[in-house]
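Engineer: Fold the stuff below for me.
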Amino acid sequence: MAVPTTFDQNAAGFGLPLAYNLARAAELAYQDEATIEARAREWGFETARHHRTRFTPPFPLQDTQAYTMAGEHMIVTAFRGTEPAQIRDWLTDSTTPPWPGPARTGYVHYGFAEALESIFPDVAKTLADLRTDGQSVWFTGHSLGGALAMLVAARLSLEDPRLQADGVYTFGQPRTCDRLLAAAYDKGLGSRTHRFVHGNDIVPELPPEPAFTHVATLHRIDSAGRVGERTGLVAGLADRAKGLGAAAFNPDGDGIRDHLMRSYLAALEKALA
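Structural biologist: The predicted structure follows:
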């Protein structure tokens, strides 16, 4: 394999070149609208639309941002993440009740659900408008963006199967929902979802269990680019293997360094070399 220089819109299923391209799409979500549009065109996606909602205090985020790019064969919606310090405060806050899951299935972390709710109608309408010729549909995101990618896939699968995702790739995704929704998700989308965790990234270990959990498939990638796949109970044990001391959120520590999107890209580049 080699690091891809183009964005293969005919890719399907699981593959490290596709993972790398969707990681690049997730990283692009952190950029301004002009940069997103220019890069999308370079990758062969003729159309790009932006999704953004601003919040007011006391909601812990300033806004929710995502974009959708559409080409001849593929549509990608990528959700932006957030700063490590901000997501730490958010994910360790246990004062808010959970939010009912899609189609009233299980429960979701309140903050994730509210963030997605703010842009979901626009995302769903955009997908319906742009999917004019049976293009494949993909969701991706880093950190908070990974949680939103998983949740939008769950909601469409359970509430509007016409727009069911062909694939979901997330990077450094926190725990997002309870076991009931995770089980329903895995039944419908488990084989199409690929959750990457790099090294000692601390964010996938939050919010704490047992209230919240992960969907099954885990691809753990180390700094040398070695990728291992785990599913079910084994994946869950891997996520719980490390303690959650305050030092894990030290900006100079592995827990935050390994969470950065550029660290995921560097590790995937080594895996593809």
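Engineer: First-to-last residue distance for stretch 72-86?
Structural biologist: 37 Å (C-alpha to C-alpha, to the nearest Å).
Engineer: wait, I meant stretch 83-100
Structural biologist: Termini of stretch 83-100 sit 26 Å apart (C-alpha to C-alpha).
Engineer: who does the helix or strand harbouring Ala153 touch, helix- and strand-wise?
Structural biologist: Counting by DSSP states H and E, the element that carries Ala153 is helix 144-159. Taking 3 or more C-beta pairs under 8 Å, 6 or more residues apart in numbering; DSSP states H and E as contact, the helices and strands that helix 144-159 lies on are strand 63-70, strand 74-79, helix 110-117, helix 120-130, strand 136-142, strand 167-171, helix 179-189, strand 193-198. Quick note: C-beta positions are derived from backbone N, CA and C, even for glycine.
Engineer: Swap in 7 Å and give it another go.
Structural biologist: Contacts defined by 3 or more C-beta pairs under 7 Å, 6 or more residues apart in numbering; DSSP states H and E place helix 144-159 against strand 74-79, helix 110-117, helix 120-130, strand 136-142, strand 167-171, helix 179-189.
Engineer: how about the ones you listed in JSON lines, adding mean neighbour count and mean pLDDT?
Structural biologist: Shown next, in JSON lines, are these (neighbours: other C-beta atoms under 10 Å; pLDDT from 0 to 100):
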{"stretch": "strand 74-79", "mean neighbour count": "27", "mean pLDDT": "98"}
{"stretch": "helix 110-117", "mean neighbour count": "21", "mean pLDDT": "89"}
{"stretch": "helix 120-130", "mean neighbour count": "17", "mean pLDDT": "95"}
{"stretch": "strand 136-142", "mean neighbour count": "27", "mean pLDDT": "98"}
{"stretch": "strand 167-171", "mean neighbour count": "29", "mean pLDDT": "98"}
{"stretch": "helix 179-189", "mean neighbour count": "19", "mean pLDDT": "94"}
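Engineer: Which among these is found nearest to Gly101?
Structural biologist: Checking these against Gly101 by C-beta to C-beta gives helix 179-189 as the closest, at 4.1 Å.
Engineer: tell me the angle of that closest one relative to strand 136-142?
Structural biologist: 140 degrees (axes from the mean of the first three to the mean of the last three C-alpha atoms, to 10 degrees).
Engineer: Next, the angle from helix 179-189 to helix 144-159.
Structural biologist: Using the same axes, to 10 degrees, helix 179-189 lies at 70 degrees relative to helix 144-159.
Engineer: what's helix 179-189 in contact with?
Structural biologist: 101, 105-108, 153-154, 157-158, 165, 168, 213-216 (C-beta atoms under 7 Å, 6 or more residues apart in numbering).
Engineer: Restrict that helix to CA atoms and write it as CSV.
Structural biologist: In CSV, the C-alpha atoms belonging to helix 179-189 read as follows (Å, rounded to 0.1, in the frame of the first residue of the first chain):
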residue,chain,number,x,y,z
ARG,A,179,-25.9,-0.2,25.6
LEU,A,180,-29.4,-0.4,24.1
LEU,A,181,-28.7,2.1,21.3
ALA,A,182,-25.2,0.6,20.8
ALA,A,183,-26.7,-2.9,20.3
ALA,A,184,-29.3,-1.5,17.8
TYR,A,185,-26.6,0.4,16.0
ASP,A,186,-24.3,-2.6,15.8
LYS,A,187,-27.2,-4.7,14.3
GLY,A,188,-27.8,-2.3,11.5
LEU,A,189,-24.4,-0.5,11.0
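Engineer: I figured Leu28 hits Val76, correct?
Structural biologist: No: using C-beta atoms under 7 Å, Leu28 makes no contact with Val76, being 9.6 Å away.
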